[in-house]
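> need a structure here:
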Amino acid sequence: MILLQLFYEFMKVGLFAIGGGLATLPFLYEMQEKTGWFTVGDISNMVAVSESTPGPLGVNMATYVGYVIAKPFGGLIATLGLIFPSIIVITIISFFLKKFQESKTVKDAMKALKAASVALISVAGVGVMQVAFLGSQKAESLAFVQDILWKNVLLAVVIIAVMKISKKSHPILLIVIAGVAGFVFKM
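Numbering: from 1, shown residues only. Got it, this is the predicted structure:
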């Protein structure tokens with residue numbers, strides 16, 4: 001039964017998370033509240049690991065959650081659930097795209113999907129910043145300033161400054177620097 005639930009939950013994520021891996025985060029937060037399979041901190045860790053390993057973010061996260069819940073077969077089932085809607089939709093679209101690609105309605109629908117994906121990614125970004133800078137605390141009043149994880153904020157500012165100053169800094173180097181800083185300063 002758990003495998004069926006894993007497939008179903010990740011199929012919903014795959015069906016509605018238009019715009020890539022970060023667009024899956026609002027759905028993962030909802031899944032976390034509904035199922036309790038993982039914590040908000042686990043989501044932050046999944047994003048960090050998924051962003052620093054090869055492969056799509058959403059697939060890495062589905063595999064991770066599935067594995068934690070039901071070992072290797074759970075990882076496979078959750079991953080299949082995530083990609084199943086894409087396979088079906090792409091197959092259907094490929095039959096009709098040539099015929100309708102110049103349609104104004106199709107072009108307008110694609111613009112709307114882009115806007116929706118920007119909104120989903122923005123919500124995900126705010127969620128990741130909240131976990132990174134506040135931990136599991138929620139910013140419900142101005143008193144949250146005392147709960148800010150200042151080391152994390154400082155690291156983010158340093159990484160952004162390095163990216164702005166040195167346009168040639170490689171993302172892998174920045175990931176390694178952040179990982180080492182997290183280990184050394186116990187962030």
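
> what sits up against stretch 160-176?
Residues from elsewhere that reach stretch 160-176 (Cβ atoms under 8 Å, 6 or more residues apart in numbering): 51-52, 159, 177. For every residue, glycine as well, the C-beta is placed using N, CA and C.

> residues in contact with the most centrally placed residue in the chain?
What sits nearest the mean C-alpha location of the chain, by Cα atoms, centre = their mean, is Leu22, with 3.3 Å. Leu22 is in contact with 47, 57, 120-121, 124-125, 128, counting by Cβ under 8 Å, 6+ apart.

> biggest separation within the residues you listed, which pair?
The largest separation in these, counting by Cβ to Cβ, is between Val47 and Leu120 at 14.2 Å.

> report the buried members of the contacts of Leu22.
47, 57, 120-121, 124, 128 (16 or more other Cβ atoms under 10 Å).

> now the residues you listed as CSV including secondary structure?
Formatted as CSV, the buried ones among the contacts of Leu22 follow (DSSP: H, G, I helix; E, B strand; the rest coil):
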residue, secondary structure
Val47, helix
Leu57, helix
Leu120, helix
Ile121, helix
Ala124, helix
Val128, helix
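
> reformat those as TSV; add distance to Lys168.
Output for those, formatted as TSV (distance: Cβ to Cβ, whole Å):
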residue	distance to Lys168
Val47	25
Leu57	25
Leu120	31
Ile121	26
Ala124	28
Val128	26
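
> all helices of the protein, in order?
Ranges of helices in the chain, per DSSP state H, are 2-16, 25-35, 40-51, 57-100, 104-134, 150-165, 171-184.

> name the helices or strands packed onto the fifth one?
Translated: helix 104-134. helix 25-35, helix 40-51, helix 150-165 (3 or more Cβ pairs under 8 Å, 6 or more residues apart in numbering; DSSP states H and E).

> please identify the buried residues of the longest one?
In this case it means helix 150-165. By 16+ other Cβ under 10 Å, the buried positions in helix 150-165 come out as 152, 155, 159.

> many thanks, have a good one.
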